[in-house]
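K.L.:
Sequence plus predicted model, see below.
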Amino acid sequence: MNATGTTHDAFMLVPVAGTPDATPSGRPDTMTNAKAGVDVVVLTMNDRPEPFRRAMASLLAQKEVDLRVVIVGNGVQPDDVPDGARTVVLPVNEGIPAGRNIGADALAGPDAGEFVFFLDNDAVLPTTDTLARLVAVARHHPRAAYIQPRIADPGTGATLRRWVPRLRAGTATRPGTITVMAEGVVLIRRAEYERAGGWPGH
């Protein structure tokens, strides 16, 4: 799998052949467990209207997961909020980490999903089973606190070296020891997110 982009450019998640722990078809088995509850947090400053609409369309097209979506307006009233999504309006821009925490907190409580999914407002999920596949990988690796997709350019499919979150980053598709988290597109177990105290919003 693969992930999001930079401040100004849109990127998409794309599948990587030969993902570890995949079924013979090359994809993790999404049918062995019940649908997962996934709480999705998207921040916006209304500065990327077209990428935002594409991001939301790809998110709402996801299948085999139960989604709850909150859009956090970081100092703005969010534009183009899709039906069914909640909104949180922050009077001032609280910054990205704090804004993400506020969004996750808005979906906390007894109905909280098994996972929290953070999605940049210019990231596109390339297939309707992207989230279900991330969940399947997470359930296959119960000791993993989060599942990090690989960043790729939507036009070329290339992953720049600076987007590879590990040492020895010359080959983007080769597994390795994780050294950093790219938080723009990441699936985190709700329990682990809360145990860590969320993002360092301070």
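P.N.:
Sure thing, it's come through.
K.L.:
mind listing the strands for this structure?
P.N.:
2-3, 11-12, 36-44, 65-74, 86-90, 115-119, 123-124, 146-147, 150-151, 185-189 (DSSP state E).
K.L.:
between those, which gets the lowest average pLDDT?
P.N.:
Per-stretch mean pLDDT for the strands of the chain is lowest at strand 11-12 (a mean of 36).
K.L.:
This structure: helices as residue ranges?
P.N.:
49-60, 96-106, 130-140, 190-196 (DSSP state H).
K.L.:
Take the ones you listed and lay them out in a markdown table including mean pLDDT, distance to Gly113 and mean neighbour count.
P.N.:
Where C-beta positions appear, they are placed from N, C-alpha and C, glycine not excepted. Listed next are those as a markdown table, based on pLDDT from 0 to 100; distance: least, C-beta to C-beta, whole Å; neighbours: other C-beta atoms under 10 Å:
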| stretch | mean pLDDT | distance to Gly113 | mean neighbour count |
| --- | --- | --- | --- |
| helix 49-60 | 96 | 14 | 18 |
| helix 96-106 | 97 | 10 | 20 |
| helix 130-140 | 95 | 10 | 23 |
| helix 190-196 | 96 | 6 | 15 |
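K.L.:
I'd like to know which of these is closest to Leu119.
P.N.:
helix 49-60 (6.2 Å; C-beta to C-beta).
K.L.:
In terms of secondary structure, what does that closest one contact?
P.N.:
strand 36-44, strand 65-74, strand 123-124 (3 or more C-beta pairs under 8 Å, 6 or more residues apart in numbering; DSSP states H and E).
K.L.:
Which one, of the strands of the chain, ends up nearest to Thr173?
P.N.:
strand 150-151 (7.4 Å).
K.L.:
that older thread, make JSON lines from the strands of the chain and add distance to Ala132 and mean neighbour count to it.
P.N.:
Shown next, in JSON lines, are the strands of the chain (distance: least, C-beta to C-beta, whole Å; neighbours: other C-beta atoms under 10 Å):
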{"stretch": "strand 2-3", "distance to Ala132": "16", "mean neighbour count": "24"}
{"stretch": "strand 11-12", "distance to Ala132": "17", "mean neighbour count": "26"}
{"stretch": "strand 36-44", "distance to Ala132": "8", "mean neighbour count": "24"}
{"stretch": "strand 65-74", "distance to Ala132": "5", "mean neighbour count": "21"}
{"stretch": "strand 86-90", "distance to Ala132": "22", "mean neighbour count": "15"}
{"stretch": "strand 115-119", "distance to Ala132": "11", "mean neighbour count": "25"}
{"stretch": "strand 123-124", "distance to Ala132": "16", "mean neighbour count": "24"}
{"stretch": "strand 146-147", "distance to Ala132": "12", "mean neighbour count": "21"}
{"stretch": "strand 150-151", "distance to Ala132": "17", "mean neighbour count": "23"}
{"stretch": "strand 185-189", "distance to Ala132": "11", "mean neighbour count": "23"}
